[in-house]
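S.K.: any chance you could fold what I've pasted below:
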Amino acid sequence: MATANTEVIDFATTNLPVSVSATESITLDFDGTAGALLKASGSVDIGLFGFVYLSGDFAFEKSSKLLRVTGETTDTEFQVLQIGRAT
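M.R.: Residues are numbered from 1 along each chain as shown. Below you'll find the predicted structure:
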């Protein structure tokens, strides 16, 4: 059985421009020290039965972080999930 490749690309040191249309592009500049990274954001508008309406922006990010637990002398790697919203 083959082993998984766990290498992470560090776009902070070598940015990667990506064309998203004929006239626009975005630049990937994620810091590789964050480890494996999953990041998304967007906007949502929800209407429930024409009575309740919700609208806002959201974002989440899952990454690896080295954290020190209180009382320990060394750092431990944790999987961290950050969730945010704005209205």
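S.K.: please identify the buried residues of the longest strand anywhere in the chain?
M.R.: Ranked by residue count under DSSP state E, the longest strand found in the chain is strand 52-67. In terms of neighbour count (16 or more other Cβ atoms under 10 Å), strand 52-67 has its buried residues at 62, 63. C-beta: built from backbone N, CA, C; applies to glycine.
S.K.: so which elements touch that strand?
M.R.: Applying 3 or more Cβ pairs under 8 Å, 6 or more residues apart in numbering; DSSP states H and E, we find strand 52-67 packed against strand 38-48, strand 76-86.
S.K.: name the strands paired with it and say parallel or antiparallel.
M.R.: Each strand that strand 52-67 pairs with, and the sense of that pairing, follows from DSSP bridges: strand 38-48 (antiparallel), strand 76-86 (antiparallel).
S.K.: give the bridge partners for the most centrally placed residue in the chain, please.
M.R.: Closest residue to the average C-alpha location of the chain: residue 39 at 2.2 Å, with Cα atoms, centre = their mean. As for beta bridges, residue 39 partners with residue 61 under DSSP bridges.
S.K.: that older thread, with mean pLDDT and distance to residue 5 added, can I get the strands paired with strand 52-67 in TSV?
M.R.: Putting these into TSV (pLDDT from 0 to 100; distance: least, Cβ to Cβ, whole Å) gives the following:
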stretch	mean pLDDT	distance to residue 5
strand 38-48	86	16
strand 76-86	86	18
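S.K.: dump these to a markdown table, plus distance to residue 18.
M.R.: Formatted as a markdown table, the entries for the strands paired with strand 52-67 read as follows, by distance: least, Cβ to Cβ, whole Å:
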| stretch | distance to residue 18 |
| --- | --- |
| strand 38-48 | 14 |
| strand 76-86 | 23 |
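S.K.: of those strands, which is nearest residue 69?
M.R.: Set against residue 69 and scored by Cβ to Cβ, these come closest in strand 76-86, at 6.2 Å.
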